[in-house]
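> Fold the following.
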Amino acid sequence: MGVIEWSVIGLIALWLLANAKSSRPDGDEVTKIHAYRKMLGYIMPSRNGSVVYYDEYVNVEALQGYLEKARDKFNANMTHCLVAACAVAMAENPKMNQFVSGRRLYKRRGAYLTFSMKRQKLNKEAKLSAVKMKMDEGETFKDLCDRINGQIKVERSGEKTYADKELGLFAMIPRAILETAVRFFFKLDYYNLLPKSFIENDGMFTSIFIANLGSLNMRAGFHHLFEWGNCPLFMMVGRVEEKPVVVDGEVKVQKQLHIRWTYDERIDDGLTASHGMATVNRVLENPYECLGCLEEDGSDKHQLKAQAA
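Model prediction:
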């Protein structure tokens with residue numbers, strides 16, 4: 001055989017090896033699944049072709065009272081509570097923390113949450129930043145708030161972050177080359193060849209993305225899922241509003257938080273999504289019990305973890 005034939009055989013061998021590679025830096029393949037769920041990656045190959053939307057309203061009257069105290073004690077706000085509630089939801093419903101990549105289903109190594117924030121507080125013209133954080137096992141709500149506040153301080157320091165440098169580098173590439181480069185990185189991710197450093201520092205490789213529009217006095221909208229990365233859940237949170245609700249057969253006015261979810265149904269069925277959202281709602285509606293960390297003697301300090309059924 002000549003050079004051309006050997007080259008073709010080599011390319012085919014490389015393609016077969018790439019397709020056979022199932023290990024990733026951020027996840028372990030889930031192999032014991034129903035054949036139907038395994039086929040979903042082929043039937044619905046894109047994230048936005050697989051979404052289900054959910055609409056939730058949460059009674060936050062207790063949460064607002066809790067935050068008045070927690071804000072003074074350890075500078076907690078609504079975003080901190082949303083992150084904590086999602087962390088508990090993933091602990092109680094681990095299948096929420098799965099993702100699809102390269103048409104395969106993976107269990108994520110570690111729980112990660114990304115939230116958006118303004119680089120300058122109360123400045124409408126300030127740039128947005130996406131903060132990605134790994135949820136640490138065994139930490140309390142105060143511990144989590146301290147870590148979030150530390151990361152926010154870094155983002156607002158004025159120094160360029162890893163994401164700033166990475167995007168700035170790509171922005172310098174001419175359009176024709178950039179298009180090819182982006183496709184190349186998509187292919188690397190598809191075949192599980194994307195470097196670990198890219199995944200660790202990219203906010204789109206995350207379990208849940210949280211956008212708290214209520215902090216800007218905006219209402220919640222339905223958000224798309226990003227095709228880049230592997231985030232299967234997007235949480236859009238609006239402002240707190242007074243809403244009429246029926247309680248024990250009577251119409252009452254409650255302060256409610258509007259949450260809209262975008263869910264990639266390929267990771268698991270709607271029951272997992274329903275249970276996860278119910279956990280988020282429970283934590284937000286019962287902050288003194290679920291978050292605690294207000295008592296001086298530490299009697300209400302506990303880990304953010306799954307609660308026994």
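
> So what does the residue lying closest to Pro25 once chain neighbours are set aside look like in phi/psi?
Nearest residue to Pro25, sequence neighbours excluded (Cβ to Cβ, 6 or more residues apart in numbering): Lys196, at 3.9 Å. (C-beta placed from N, C-alpha, C; glycine too.) Lys196 adopts backbone torsions of phi -60, psi -40, taken as degrees, to the nearest 10.

> Can you get me a residue count around Lys196?
Using other Cβ atoms under 10 Å, Lys196 has 10 neighbouring residues.

> Could you report the separation of it from Gly27?
12 Å (Cβ to Cβ, to the nearest Å).

> same question, Lys252
Applying Cβ to Cβ to Lys252 and Gly27 gives a distance of 45 Å.

> Which of those two has more residues huddled nearby?
Gly27 (24 against 10).

> Name whatever forms a beta bridge with the more buried one.
Arg24, Arg108 (DSSP bridges).

> Spit out the contact partners of it.
99, 101, 106-109, 230 (Cβ atoms under 8 Å, 6 or more residues apart in numbering).

> can we see that at 7 Å?
By Cβ atoms under 7 Å, 6 or more residues apart in numbering, the residues touching Gly27 are 99, 106-109.

> Quick one, grab the pLDDT at it.
As summarised for this prediction, Gly27 has a pLDDT of 96.

> Would you double-check that Ser129 falls in a helix?
No: counting by DSSP: H, G, I helix; E, B strand; the rest coil, one finds Ser129 to be strand, located in no helix.

> Just give the number of residues close to it.
Counted with other Cβ under 10 Å, Ser129 comes out at 19.

> likewise Asn217?
Quick note: Asn217 (other Cβ under 10 Å) scores 9 neighbours.

> Then the one 3 residues further on?
The criterion is other Cβ under 10 Å. On that basis, Ala220 has 21 neighbouring residues.

> Check the secondary structure at it for me.
Per three-state DSSP, Ala220 ends up coil.

> next one: stretch 25-34 to chain centre, how far?
Relative to the mean C-alpha coordinate of its chain, stretch 25-34 is positioned 19 Å out (Cα atoms, centre = their mean, to the nearest Å).

> actually stretch 252-268, not the one I typed
For stretch 252-268, the distance to the chain centre is 14 Å (Cα atoms, centre = their mean).

> Could you pull out the buried residues of that stretch?
256-268 (16 or more other Cβ atoms under 10 Å).

> Same check on stretch 100-108?
In stretch 100-108, counting by 16+ other Cβ under 10 Å, buried: 100-102, 104-106, 108.

> just the strands in the stretch 51-200 of the chain please.
With DSSP state E, counting those that start in this stretch as the criterion, the stretch 51-200 of the chain has strands at 51-59, 98-101, 104-108, 112-118, 128-134.

> just to revisit the earlier point, and the buried residues of stretch 252-268 as a markdown table, adding secondary structure and pLDDT?
What follows is the buried residues of stretch 252-268, written out as a markdown table (DSSP: H, G, I helix; E, B strand; the rest coil; pLDDT from 0 to 100):
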| residue | secondary structure | pLDDT |
| --- | --- | --- |
| Gln256 | strand | 97 |
| Leu257 | strand | 97 |
| His258 | strand | 97 |
| Ile259 | strand | 98 |
| Arg260 | strand | 97 |
| Trp261 | strand | 98 |
| Thr262 | strand | 97 |
| Tyr263 | strand | 97 |
| Asp264 | strand | 97 |
| Glu265 | coil | 95 |
| Arg266 | coil | 96 |
| Ile267 | coil | 96 |
| Asp268 | coil | 95 |
